[in-house]
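# Provide a 3D model corresponding to the input given below.
(one chain, ligands or ions: 2)
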Amino acid sequence: MSNEIAETPRDAGTASSMITYDGVDKVYGTDPSEESVTALEGIDLDIERGEFVSVVGPSGCGKSTLLHLAAGILEPTNGSVEINGASVQSADHERKEVGLVFQQPVALEWRTVRKNILLPVQILKENGAIDGDMDEYRERADELISLVGLDGFGDAYPNELSGGMQQRVTISQALIYNPSVLLMDEPFGSLDAMTKDELNLELLRIWRETEKTILFITHDLDEAVFLSDRVVVLSPRPGRVVDDIEIDLDRPRNEETRGTERFVELSTQLHQHFKSLK
Ligand code: ADP
Ligand code: MG
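Ligands and ions are numbered 1, 2, ... in the order given. Presented below is the predicted three-dimensional model:
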């Protein structure tokens, strides 16, 4: 790749890194008149292309902050955040590299599922940020409807959908530009346990089929173990990386995975570690 040549040497990350945090601190309220809050401290984290990494940590430890830094919504106070080798802050960073999914569905009630999925494209088009063929995106929206298991619901309105189905719409929205990275902030946190388990399986299928890199925030430790290649544990605020656990469960994972001895072992280890943090 030609852009590797001109780059300044990096002391973090490797050629296969997709998301790299290098010495990142985030302090809120740096204005002298404000009270400052150090949300994150000394974050070094390297997420490989195609990896599924979850971040867990006590409430208020800086998980959302970590994600917003990768999305370019926030700037680090110190250190740098790179996506696919480009600083998130730099002008050459492609916003379209990153898709975001938050806990609350973002579908507009007066637009159909298909039109909701196309919403991010329409906004950028109106801002003049992209040109190109709307028909191409319409086709992509239809593919996504299929990918996330919403066949037949393209013309439905959000209030005709269950909470789980609405979150499927949100995932499609995040995928409309075919980003390399999906950033997900407790996406299934407001769903009932059964729907959540179902969407966990669906997300793993989508991840497998699309080969995205996923950074997934959750406060559900079992969900983190079930989904991930690695689970990163943050300390109470200021959030520091205190553990990085490799999840060596076989893939593809399925309904039986949670009953395996290894799952129980890893989950117990994570729960115990978590208790010792407080
Ligand atoms: P989490 O997602 O782990 O619950 P957050 O990243 O949302 O944690 O927040 C980390 C800490 O930073 C919290 O103590 C929160 O109150 C504080 N914080 C978050 N956003 C702001 C902000 N805009 N201004 C000041 N403090 C903030
Ligand atoms: Mg949060």
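# wait, residue 23 sits on residue 77?
No - checked against CB atoms under 8 Å, the pair residue 23 and residue 77 is beyond contact range at 10.6 Å. All C-beta atoms are positioned from the backbone trio N, CA, C, and that covers glycine.
# Quick check: which ranges of the protein have low pLDDT?
Applying pLDDT under 70 to the chain flags the ranges 1-13, 91-95, 278.
# can you name the farthest residue from the center of it?
In terms of distance from the mean C-alpha position of the chain, residue 33 ranks first, at 33.6 Å (CA atoms, centre = their mean).
# Against residue 41, how distant is the residue of the stretch 151-278 of the chain found nearest ligand 1?
In the stretch 151-278 of the chain, the residue that lies nearest ligand 1 is residue 237 (5.2 Å; CB to the nearest ligand atom). Using CB to CB, to the nearest Å, we find residue 237 at a distance of 9 Å from residue 41.
# Contact partners for residue 213?
Residue 213 is in contact with 18, 19, 47, 48, 49, 50, 51, 52, 180, 181, 182, counting by CB atoms under 8 Å, 6 or more residues apart in numbering.
# Swap in 7 Å and give it another go.
18, 19, 47, 49, 50, 51, 180, 181 (CB atoms under 7 Å, 6 or more residues apart in numbering).
# and it, bridged to which residues?
Residues in a beta bridge with residue 213, per DSSP bridges, are residue 181.
# Would you pull up the residue in the chain closest to ligand 2?
Nearest residue of the chain to ligand 2 (CB to the ion) works out as residue 64 at 3.3 Å.
# which secondary structure element contains residue 143?
Assigned by DSSP states H and E, residue 143 belongs to helix 134-147.
# that older thread, skipping its backbone neighbours, what lies nearest the residue of the chain closest to ligand 2 in space?
Of all residues not flanking residue 64 in the chain, residue 185 sits nearest, at 5.6 Å (CB to CB, 6 or more residues apart in numbering).
# from what I can see the one you found touches residue 103, true?
Yes - when contacts are counted by CB atoms under 7 Å, residue 185 is listed as touching residue 103 (6.3 Å).
# and the stretch 1-150 of the chain, which residues reach ligand 1?
28, 29, 37, 39, 57, 59, 60, 61, 62, 63, 64, 65 (CB under 6 Å from any ligand atom).
# what residues are up against the closest residue to the third one other than its chain neighbours?
The spatially closest residue to residue 37, leaving aside those adjacent along the chain, is residue 28, at 4.5 Å (CB to CB, 6+ apart). Residues counted as contacts of residue 28 (CB under 7 Å, 6+ apart) are 36, 37, 39.
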